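1. okay, sequence plus prediction incoming.
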Amino acid sequence: MQVTTRFQAECVAEVKRLLSSRGKTIDFKPRALKEEPVLNQSEGDVALVGCFESEGSRFEVWVYPDEAGFYKDGSWSIAETTIGESADALLRGFLETLEASINRGPRYSLFKKAVDAVSKLLRWA
């Protein structure tokens, strides 16, 4: 695996740690960004890409030199830097979004529907 930035090294380590706590693994492979014409990246920049499955959903995680995103069953979610945001805040936000998306598997959806239904009933009572 070819890591080009501190952000990538920390993000890959944290994603692996998150998945390990759930009994899952992920292997990241480098992908040269110059092959992606729609991306505004520097020559030599590399994205690290890894896949895993959880609760019947397929995830594809992309870790860029300064941001990260993932596909879940074909839907894209990305954590991008904003003015004044630290790399640590970006990483925390990405990991929270990824974890929440993992938690929203089929069992979570049924649980959430039940909680929402009970909440509605309680508001009407």
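-> Sure thing, it's come through. Everything numeric in this text was worked out from a predicted model, so none of it was measured.
2. element containing Val61, please.
-> According to DSSP states H and E, Val61 maps onto strand 57-63.
3. need the contact partners of that strand.
-> Applying Cβ atoms under 8 Å, 6 or more residues apart in numbering, the contact partners of strand 57-63 are 7-8, 11-12, 15, 26, 28, 47-53, 68-73, 98, 101-102, 105. Where C-beta positions appear, they are placed from N, C-alpha and C, glycine not excepted.
4. what is the strand ranked longest in the chain packed up against?
-> What stands out as the longest strand in the chain, according to DSSP state E, is strand 46-54. Applying 3 or more Cβ pairs under 8 Å, 6 or more residues apart in numbering; DSSP states H and E, one finds that strand 46-54 contacts helix 6-20, strand 29-32, strand 57-63.
5. compare the mean pLDDT across the ones you listed and name the weakest.
-> Mean pLDDT is lowest for strand 29-32 among the helices and strands packed on strand 46-54, at a mean of 88.
6. which strands or helices does it pack on?
-> Counting contacts by 3+ Cβ pairs under 8 Å, 6+ apart, strand 29-32 is packed against strand 46-54.
7. got the angle between the strand it packs on and strand 57-63?
-> 160 degrees (axes from the mean of the first three to the mean of the last three Cα atoms, to 10 degrees).
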